[in-house]
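J.: following is a predicted model, sequence given first.
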Amino acid sequence: MVADQYMRMARPVGKAVGAHLVLFCGFCVVMLAGPVRDAFRFEPFGIELTDRSLQIQDFAGLMTFTRRAIRHGPPDGRSLYSVEHHLAAAGDLAEQPIQHAVIYGYSPTMLLVRAPLALLPSIGNAYVCWVLLGGVLVFWMTRPPRSPIGLGVVSFLTPVGAGAMFLGTTAIASTALFLALADRARRGRQTWGGSDLLGAMLLWALTAKPPLALTAGAVLIAMRRWSIVVPALVLTLVTTLMATPWLGEGWIVDYLTLVTRFNTSEADPVFAVGLAPEAMTNIRALLLVDLGWSDRIASRLVGVLWLLVIGIVATVGVRRWTPAGLWSIGILTYLVFFPHVSSHEDLHLYIVAALLGGSSATTARPSPHWLFWLLPIVFTVAPALPSPSLTRAGLLCVKIGLLLWIGFGSQGATTQEGAAAGPGWFRLRRIDATGGRGSLP
């Protein structure tokens, strides 16, 4: 009897694993073979320079910046974030002096994260390693039971996923980090032990992109997971001090100037090639491109709104939402309100599907598996629309719709008992599928 029950349970699992492997093999053929081939085909890799145009691949531009910082340090008397260092790195990539560069808006943490890649012989070698890492992360994020029968792979086979993979952006890596941190924080109680220290390391890695770290930090504060937040802050301070020899004089002022003027109205003309708000799908792009606002005003207004919203998330927290709902609201808030979100970062929507729609989702309600069908459709149809305005409107409507559905609907809300239990998320209770009572894992 027990053996028969085990076999009946094992068959669906085996089919799901098999389907996932088939889909992932297709992903490897389509998404990994091309970038690996191109890394050794073009020289110099990652840049196309003609008399009339200049195109710099995201990964190549930012990796050259990192390589120059690690190997040579900043220019004398200037910082890593100075215009001079940006131009020197761009010149290294083009193998000739040029007057345009990809803006490096990452924190010093990114230097340490990518330092091993900077030691490889060429940018092409580093790109191949980065693409292969992306493939491993896609496998981890989409494996059953996180996505039913491995359907999550399809989201990464879309034009949005292909763009993130081919350009070597950080979208796939940051999606995996955010999802891993959400999983870690939703399991177990605050212990100040090994589990939470691992969560702190994940949060530290996210500080390479400070807005994502702030978003995750707001959710963790709402969950009262100080045992993750505090060690991550300490680790960030320590590693920033370690990176000081590479940062140069006055790096804090240069960095703050860079990120506060990250708009087409105020940024140095050197960075014009890397600023493309018309390709974004957030409220800033709506105000700037479709409504004709000044980019300086649009960026700052939307930035203030984003800070207000994540402040609400940190304050209200689990009094209103389940942990899965809270993490989903956090990432949707980032995608809708934060002013500097590239179109490839819409892949972060996969976090919502994995947390709420996965077979292992910790909720008393049926898992909305339709999210795994919605994302590939949206990621394929939206880029194919006849105008960028329609693409932007479509993706923005989907993100706002999901935010309203989770924030004000029942899917992400706590039970009445959980809402009355107070701020400690681990005190929330649920009714499991068998009708019994149990604590959220």
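T.: Cool, the structure landed.

J.: helices of the stretch 1-150 of the chain, start to end?
T.: 2-27, 33-39, 58-72, 83-94, 108-118, 123-142 (DSSP state H, counting those that start in this stretch).

J.: got CSV for these, with mean neighbour count, mean pLDDT and distance to Ala267 too?
T.: Placement of C-beta: from N, CA and C, glycine included. Below are the helices of the stretch 1-150 of the chain laid out as CSV (neighbours: other Cβ atoms under 10 Å; pLDDT from 0 to 100; distance: least, Cβ to Cβ, whole Å):
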stretch, mean neighbour count, mean pLDDT, distance to Ala267
helix 2-27, 13, 67, 36
helix 33-39, 16, 71, 29
helix 58-72, 22, 89, 15
helix 83-94, 20, 88, 10
helix 108-118, 19, 93, 19
helix 123-142, 20, 93, 25
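
J.: could those helices be laid out in JSON lines, adding distance to Val219?
T.: Below are the helices of the stretch 1-150 of the chain laid out as JSON lines (distance: least, Cβ to Cβ, whole Å):
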{"stretch": "helix 2-27", "distance to Val219": "28"}
{"stretch": "helix 33-39", "distance to Val219": "33"}
{"stretch": "helix 58-72", "distance to Val219": "27"}
{"stretch": "helix 83-94", "distance to Val219": "33"}
{"stretch": "helix 108-118", "distance to Val219": "19"}
{"stretch": "helix 123-142", "distance to Val219": "18"}
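
J.: looking at these, which is closest to Leu167?
T.: helix 58-72 (4.6 Å; Cβ to Cβ).

J.: report all helices and strands that that closest one contacts.
T.: helix 83-94, helix 108-118, helix 123-142 (3 or more Cβ pairs under 8 Å, 6 or more residues apart in numbering; DSSP states H and E).

J.: of all these, which one comes closest to Ala16?
T.: Per Cβ to Cβ, nearest to Ala16 of those: helix 123-142, 11.0 Å.

J.: which other helices and strands contact the helix or strand following the closest one?
T.: Sequence order places helix 152-155 as the next helix or strand after helix 123-142, per DSSP states H and E. With contacts taken as 3+ Cβ pairs under 8 Å, 6+ apart, helix 152-155 sits against helix 2-27, helix 123-142, helix 370-384.

J.: can you name the residues in contact with the second one?
T.: Counting by Cβ atoms under 8 Å, 6 or more residues apart in numbering, the neighbours of helix 123-142 from elsewhere in the structure are 20, 23-24, 27-28, 31-32, 35-36, 39-40, 44-46, 59-60, 63-64, 67, 93, 117-118, 120, 147, 150-153, 155-156, 164-165, 168, 172-173, 175-176, 179, 350, 354.

J.: next one: that helix to chain centre, how far?
T.: Centre-to-centre, helix 123-142 and its host chain are 15 Å apart (Cα atoms, centre = their mean, to the nearest Å).

J.: looking at the helices of the stretch 1-150 of the chain, which is closest to Ile297?
T.: Between Ile297 and the helices of the stretch 1-150 of the chain, the tightest spacing by Cβ to Cβ is seen for helix 83-94, at 24.1 Å.

J.: any idea which helix or strand carries the nearest residue to Gly105 once chain neighbours are set aside?
T.: Among residues not flanking Gly105 along the chain, Val259 sits closest, at 5.7 Å (Cβ to Cβ, 6 or more residues apart in numbering). Using DSSP H and E, Val259 sits in helix 251-260.

J.: go through the next helix or strand after that helix and flag the buried ones.
T.: Using DSSP H and E, the helix or strand that follows helix 251-260 in sequence is helix 283-285. The neighbour-count check on helix 283-285 (16 or more other Cβ atoms under 10 Å) flags Ile283, Arg284, Ala285 as buried.

J.: start and end of stretch 277-286, how far apart?
T.: 9 Å (Cα to Cα, to the nearest Å).

J.: what sits up against it?
T.: Residues outside stretch 277-286 that contact it (Cβ under 8 Å, 6+ apart) are 263-264, 288-289, 295, 298-299, 302, 305, 335-343, 346, 382, 388, 391-393, 395-396, 399.

J.: now, which of the residues you listed lie within strands?
T.: Applying DSSP state E to the contacts of stretch 277-286, no entry is found in strands.

J.: show me the contacts for Pro245.
T.: Neighbours of Pro245 in contact, by Cβ under 8 Å, 6+ apart: Gly73.
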